[in-house]
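1. Here you go, sequence then predicted model.
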Amino acid sequence: MKYQNILQNGKIQCTICPRNCILSEGQEGFCHVRKNINQNIQLTTYGYNTGLAIDPIEKKPLYQFYPTTPILSFGTLGCNMGCQFCQNWNISKNKSDPTSLNKTSPQEIVEIAKKYNCKSVAFTYNDPIIFFEYALDCAKLCKENGIKTVAVTSGFINPEPAKEFFNLMDGANIDLKGFSQKFYGKNCLAKLQPVLDTIKYAANETNCHIELTTMLIEGENDSEDEIKAECEWIIKNIGDCVPLHFSAFFPQYKFQNRKQTSFETLVKAYNIAKITGIKYVYTGNLSNVQTSTTYCKNCGKPIIVRNSYQMLEYNLEQGRCKFCSTQCDGRF
């Protein structure tokens, strides 16, 4: 295992993510799936997944990465984040024996993607950072077979493994869960800065197509000041052309007593982002045609008209706006 430090007294430090868990023999990390076995960090979920699904690429969500193409999606168990509002907590917080799950080798993943004409494979449902080795082995084989790879991730990863990870990904949606350390510390049991560092690296130093998602929880991370500060940071550090999705929270896990995000809250954030200068803004989980549509950054006309995941109109020719010939940012 590459990302580990051998310590004294049989202990090992896992260095995949900023938690840098120090593990005694037989001990699991925070994620519950990376374990010290015979003084070596082993991924106990390698090859095991919680089921395969074929989704539209827009469901990841990626709106400017080969729109409408099918993507083969899978995840495993565990997570290195401690989000109290986790929407997939039955997977990410699950501590059951992974050997009871389906087992699918990287080669089988490729074969299934080919069989069902999936242009891409997504590592999703739980964070692929913690099933790093499984995800990367799949990504390498996909690349050899002309299949694109996508990561849906929190971005809570250390700089060295981030280089290997994002340089193998063709696309990624990174969850920027809020824009304050207070929010990350209280509600995610994690730190904001490593996520910002990951976003900057992946967007500026790799060829990976990046989109960002912020799930808004009313009273926690939806203030006008916080959303404006997030948008200003994005523009300053990675530019104004990175697609930004504001998605709705639904009561789950330890936030079951909270109310669902209203569409009005999403539209407010959508408008703040637009006014601040983000060129491509969307709402997710709750949306309408206006907030699902991609607009040309030059002439402002609708170039990909959607109703949620359904495409209604496509006004691009070889990735360029039909109305003014401006290139739309993304992969088409």
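-> Received the coordinates, thanks. Residues are numbered from 1 along each chain as shown.
2. alpha carbons only for contacts and neighbour counts from here, please
-> Fine.
3. Where do the helices of the stretch 151-300 of the chain begin and end?
-> Using DSSP state H, counting those that start in this stretch, the helices of the stretch 151-300 of the chain run over residues 159-168, 181-183, 193-205, 224-238, 263-276, 289-292.
4. I'd assumed residue 304 was in contact with residue 293.
-> Yes: with contact defined as C-alpha atoms under 8 Å, residue 293 reaches residue 304; the gap is 5.7 Å.
5. thinking again about what came up before, could the helices of the stretch 151-300 of the chain be laid out in JSON lines, adding mean neighbour count and distance to residue 252?
-> Formatted as JSON lines, the helices of the stretch 151-300 of the chain follow (neighbours: other C-alpha atoms under 10 Å; distance: least, C-alpha to C-alpha, whole Å):
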{"stretch": "helix 159-168", "mean neighbour count": "18", "distance to residue 252": "29"}
{"stretch": "helix 181-183", "mean neighbour count": "16", "distance to residue 252": "17"}
{"stretch": "helix 193-205", "mean neighbour count": "18", "distance to residue 252": "23"}
{"stretch": "helix 224-238", "mean neighbour count": "17", "distance to residue 252": "23"}
{"stretch": "helix 263-276", "mean neighbour count": "18", "distance to residue 252": "18"}
{"stretch": "helix 289-292", "mean neighbour count": "20", "distance to residue 252": "25"}
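6. Take those helices and lay them out in a markdown table including mean pLDDT and distance to residue 330.
-> Converted to a markdown table, the helices of the stretch 151-300 of the chain look like this (pLDDT from 0 to 100; distance: least, C-alpha to C-alpha, whole Å):
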| stretch | mean pLDDT | distance to residue 330 |
| --- | --- | --- |
| helix 159-168 | 98 | 16 |
| helix 181-183 | 98 | 30 |
| helix 193-205 | 98 | 12 |
| helix 224-238 | 98 | 14 |
| helix 263-276 | 98 | 18 |
| helix 289-292 | 97 | 16 |
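7. Make JSON lines from these and add distance to residue 50 to it.
-> Output for those, formatted as JSON lines (distance: least, C-alpha to C-alpha, whole Å):
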{"stretch": "helix 159-168", "distance to residue 50": "21"}
{"stretch": "helix 181-183", "distance to residue 50": "29"}
{"stretch": "helix 193-205", "distance to residue 50": "26"}
{"stretch": "helix 224-238", "distance to residue 50": "33"}
{"stretch": "helix 263-276", "distance to residue 50": "31"}
{"stretch": "helix 289-292", "distance to residue 50": "29"}
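8. Among these, which comes closest to residue 34?
-> With C-alpha to C-alpha, the closest approach to residue 34 among the helices of the stretch 151-300 of the chain belongs to helix 159-168: 14.8 Å.
9. Please state the offset of that closest one from the chain centre?
-> In terms of C-alpha atoms, centre = their mean, to the nearest Å, the centre of helix 159-168 is set 14 Å apart from its chain centre.
10. and what of stretch 163-180?
-> 6 Å.
11. Using CSV, write down the CA coordinates of that stretch.
-> Extracted in CSV, the C-alpha atoms of stretch 163-180 (Å, rounded to 0.1, in the frame of the first residue of the first chain):
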residue,chain,number,x,y,z
LYS,A,163,-2.3,13.9,-7.9
GLU,A,164,-2.6,10.2,-8.8
PHE,A,165,-6.4,10.2,-8.3
PHE,A,166,-7.5,13.2,-10.4
ASN,A,167,-4.9,12.7,-13.1
LEU,A,168,-6.7,9.4,-13.8
MET,A,169,-10.2,10.9,-13.8
ASP,A,170,-11.8,12.4,-16.9
GLY,A,171,-14.5,14.2,-14.9
ALA,A,172,-15.4,14.9,-11.3
ASN,A,173,-18.1,16.5,-9.3
ILE,A,174,-16.6,17.8,-6.0
ASP,A,175,-18.9,18.5,-3.1
LEU,A,176,-18.1,21.9,-1.6
LYS,A,177,-20.4,21.3,1.3
GLY,A,178,-20.4,24.8,2.7
PHE,A,179,-18.0,27.8,2.8
SER,A,180,-17.0,28.0,6.4
